[in-house]
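**Q** Coordinates for the following, if possible.
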Amino acid sequence: MKKVIIILFLFTLIFIKKQNTEYIIPNDALRFRVIANSNTIEDQKTKIEIKNNIEKLLTSDILTSNNKAEITQKITAKIPEIEKNIENYQIPYHISLGKNYFPEKTYKDVKYPEGMYDSLVVTLGAGAGENWWCVLYPPLCLMDEAATNQSNIEYKSLVKELFQKYL
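**A** Numbers count the residues shown, from 1 in each chain. Down below sits the predicted model:
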């Protein structure tokens, strides 16, 4: 009986932890999307490189902005720089900052409905490939990336430790 209680307790902890790690995108968010020309390895690589370059250009602005209007204004001022960066890849492109269509998306096990959202969308070439997306404001993609780029983290398994202790 003691083992059953421990196992139920562990499953409850795991369920609660999973619930607490979900991000909800606020209504006043500014999304970011880069759509690849195609699904070839080269086009997908180009998409990620361009996405990374745009994030580098915008990171300090994103982190110092207090609201969506402010970050939108800063992005508008940086569009010539973004265009110059993309032109280095010699691929046709289109940049749209404003209301853009997003298909249904899933992020951290949460589904977000399709619709028109305030966003920065960069379409490369034919825009027929898989896309990358995140939320620029509030800066969920930067927070998520910072959390995944931690190299000095030691991971322990609570479940394993409890099993070793009690079983």
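
**Q** Show me where the protein has its helices.
**A** Counting by DSSP state H, the chain has these helices, from start to end: 2-20, 41-64, 68-87, 140-148, 158-166.

**Q** Surely D43 touches I35?
**A** No: using C-beta atoms under 8 Å, D43 is not in contact with I35; the gap is 10.2 Å. The way it works is simple: take the backbone N, C-alpha and C, and place the C-beta from them, glycine included.

**Q** Any chance you could list residues touching both of those two?
**A** 124, 129 (C-beta atoms under 8 Å, 6 or more residues apart in numbering).

**Q** Find the nearest non-adjacent residue to the most centrally placed residue in the chain, please.
**A** What sits nearest the mean C-alpha location of the chain, by C-alpha atoms, centre = their mean, is C134, with 3.1 Å. Once flanking residues are discounted, C134 sits nearest to C141: 3.0 Å by C-beta to C-beta, 6 or more residues apart in numbering.

**Q** so how far is P92 from the residue nearest to the centre of the chain?
**A** Distance of C134 to P92, given as C-beta to C-beta, to the nearest Å: 24 Å.

**Q** ok, T46 touching Y93?
**A** No: T46 lies out of contact with Y93 (C-beta under 8 Å); the separation is 10.3 Å.

**Q** Tell me where this protein is predicted with low confidence.
**A** By pLDDT under 70, the low-scoring segments of the chain are 1-23, 142-167.

**Q** Report the residue ranges of every domain in it.
**A** Residue ranges for the domains of the chain, per automatic domain parsing: 2-20+157-166, 30-148.

**Q** Pick the most deeply packed of those domains.
**A** Each of the domains of the chain was scored by mean neighbour count; the highest is domain 30-148, a mean of 16, by mean count of other C-beta atoms under 10 Å.

**Q** so who does D43 touch?
**A** If you count contacts by C-beta under 8 Å, 6+ apart, D43 has them with 36-37, 124-125, 129.
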